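Q: This is the structure alone, sequence omitted:
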Ligand code: PSV
Ligand code: MN
């Protein structure tokens, strides 16, 4: 980790420009590419084997938002924070929204937690007990109200609902319950609000999950209507799934609502974005950048991190992850789309792949440093954050009650 050398920075940006042409538009797009950070990524988190507590972690929702403000301060592109209810439940949500605004932030996606209450052991919206189904609907509808109070237009839904053993539940009956519950919540949403449906192959249910893959989430979103879309969490697929293809398909259908960005090696590992598989992240961004260039596509896609920072210091990992997104997005913006289409039309497989590689292999770090300088930021956000002394101050000041503990992301 070295500071950007101002003498070589301009030279490196010029070298990129001589290869890829004027970068003015690319820089503007990077400045406007916003990544939302999750409140639950700032608190202590871990695995089912344990939680390693870190000094200075926030003790409540207000302090989590304060930390999100710091990530925005050093990156300039993380102006919103997702909340998880009841983890972030406060008396006065308007006051929480105001406190976010004071830090230059807004509250983004509202995520109801319908997976930890003891009542949900056999399902929330899909529970055989109508009283429990109603309880889940009420809890999610309360999040619609919270969204209205904090001026958020995103309701982000993930369900742990599923079964652990064959015979435990009736797939089709549960499917009906799921659609019925979602329909009630959908009808309670105000006009501008979007419902994002997040699917996951497995965990904590090991036999089947009610919304197991993009096709099931897509089918539910189709039935619900325009305001329902699919959320792609990068960790929620079987190993080897072609996520960029799923992304392209959903974009084309106008049904890609958002992302939970992270990386994985084995399962839903929730490690930092692009730490294992940067090429996959590049190929996903390649589809997104191409869609942005296509005037016919719906472009209201929410980019959100969903990671579990159990080993790295949380704010640093968050900054690192935002930068990792910017890095792969910047590379995707360098792809020569006209040349790529030409190579595809001519069946030139080697040239097509080389065009992608030209962009992917480019070192965009000087470009991102240049962008930050133009935004009035320090070119090296992790180093600048370390030098600020914020972590040491938080460790001194945030003594006492342990904060919220989460076990996944
Ligand atoms: C589930 O694994 C998930 O990805 C959902 O988005 C949850 O809301 C989040 O992690 C936190 O548990
Ligand atoms: Mn997620």
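A: Alright, I've got the coordinates. Here the structure is a predicted model, which means the values were calculated and not measured. Residues are numbered from 1 along each chain as shown. Ligands and ions are numbered 1, 2, ... in the order given.

Q: where's residue 37 relative to residue 150, distance?
A: Taking C-beta to C-beta, to the nearest Å as the measure, residue 37 and residue 150 are separated by 16 Å. In this view, the C-beta of every residue, glycine as well, is placed from N, C-alpha and C.

Q: This structure against ligand 2: which residues are in contact?
A: If contacts are counted using C-beta under 5 Å from the ion, the residues of the chain sitting beside ligand 2 are 233, 260, 306.

Q: Please work out how many residues are found near the first one.
A: Counted by other C-beta atoms under 10 Å, the residues lying close to residue 233 total 22.

Q: Now do the same contact list for the residue nearest in space to the middle of the chain.
A: Averaging the C-alpha coordinates of the chain gives a centre point, and the residue nearest to it by C-alpha atoms, centre = their mean is residue 304 (2.2 Å). By C-beta atoms under 8 Å, 6 or more residues apart in numbering, residue 304 lies in contact with 35-38, 82, 108-109, 156, 258-261.

Q: try 7 Å
A: With contact taken as C-beta atoms under 7 Å, 6 or more residues apart in numbering, residue 304 is in contact with 36, 38, 82, 108-109, 258-261.

Q: Work out the gap between stretch 383-400 and the centre of the chain.
A: Relative to its parent chain, stretch 383-400 has a centroid offset of 25 Å by C-alpha atoms, centre = their mean, to the nearest Å.

Q: for stretch 179-199, same thing?
A: Centroid separation for stretch 179-199 versus its chain: 19 Å, with C-alpha atoms, centre = their mean.

Q: what about that stretch and ligand 1, touching?
A: Yes. Among the residues of stretch 179-199, residue 198 lie within reach of ligand 1 under C-beta under 6 Å from any ligand atom.

Q: Excluding chain neighbours, what is closest to residue 212?
A: If the residues on either side of it in the chain are set aside, residue 212 comes closest to residue 201, at 5.5 Å by C-beta to C-beta, 6 or more residues apart in numbering.

Q: so the one you found touches residue 238, yeah?
A: Yes. Between residue 201 and residue 238 there is a contact under C-beta atoms under 7 Å: 5.9 Å.

Q: Looking at the two, which has the bigger crowd around it?
A: The neighbour count for residue 201 versus residue 238, taken as other C-beta under 10 Å, is higher for residue 201 (18 against 9).

Q: The more buried one: what's it in contact with?
A: Applying C-beta under 7 Å, 6+ apart, the residues contacting residue 201 are 209, 212-213, 236-238.

Q: Closest one of the residues you listed to ligand 2?
A: Among those, residue 236 lies closest to ligand 2 (C-beta to the ion), at 6.9 Å.

Q: hang on, the closest one is in a helix, isn't it?
A: No. Secondary structure of residue 236 (DSSP: H, G, I helix; E, B strand; the rest coil): coil, not part of a helix.

Q: show me the contacts for it.
A: Taking C-beta under 7 Å, 6+ apart as the definition of contact, the neighbours of residue 236 are 199-201, 268.

Q: Next, format those as JSON lines and append secondary structure.
A: Listed next are the contacts of residue 236 as JSON lines, based on three-state DSSP:
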{"residue": "199", "secondary structure": "coil"}
{"residue": "200", "secondary structure": "coil"}
{"residue": "201", "secondary structure": "coil"}
{"residue": "268", "secondary structure": "coil"}
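
Q: Let's have those residues in a markdown table, adding distance to residue 365 and pLDDT.
A: Rendered in a markdown table, the data for the contacts of residue 236 read as follows (distance: C-beta to C-beta, whole Å; pLDDT from 0 to 100):
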| residue | distance to residue 365 | pLDDT |
| --- | --- | --- |
| 199 | 34 | 98 |
| 200 | 33 | 98 |
| 201 | 34 | 97 |
| 268 | 29 | 95 |
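
Q: coming back round to it: among the contacts of residue 304, which ones are buried?
A: Buried residues within these, counting neighbours by 16 or more other C-beta atoms under 10 Å: 36, 38, 82, 108-109, 258-261.

Q: Please narrow the contacts of residue 304 to those residing in strands.
A: 38, 82, 108-109, 258-261 (DSSP state E).

Q: Contacting ligand 1 as well, which ones from the buried ones among the contacts of residue 304?
A: residue 260.

Q: and of the buried ones among the contacts of residue 304, the nearest to residue 2?
A: When the buried ones among the contacts of residue 304 are ranked by distance to residue 2 (C-beta to C-beta), residue 261 comes first, at 25.8 Å.

Q: Report the contact partners of the nearest residue to the residue nearest to the centre of the chain once chain neighbours are set aside.
A: Across the structure, with C-beta to C-beta, 6+ apart as the measure, the residue nearest residue 304 apart from its sequence neighbours is residue 36 (4.1 Å). Neighbouring residues of residue 36 by C-beta under 7 Å, 6+ apart: 78, 80-82, 108-109, 302-304.

Q: Same check on residue 389?
A: Per C-beta under 7 Å, 6+ apart, neighbours of residue 389: none.

Q: With residue 157 instead?
A: With contact set as C-beta under 7 Å, 6+ apart, residue 157 has these partners: 112, 140, 195-198.

Q: partner residues bridging whichever residue of the stretch 101-250 of the chain sits closest to ligand 1?
A: Each residue of the stretch 101-250 of the chain has a distance to ligand 1, by C-beta to the nearest ligand atom, and the smallest belongs to residue 158, at 3.8 Å. For residue 158, the beta-bridge assignment (DSSP bridges) gives partners residue 198.

Q: With residue 204 as the reference, measure out to it.
A: In this structure, residue 158 and residue 204 are 12 Å apart, going by C-beta to C-beta.

Q: In which helix or strand does residue 45 reside?
A: Taking DSSP states H and E as the criterion, residue 45 maps to strand 44-47.
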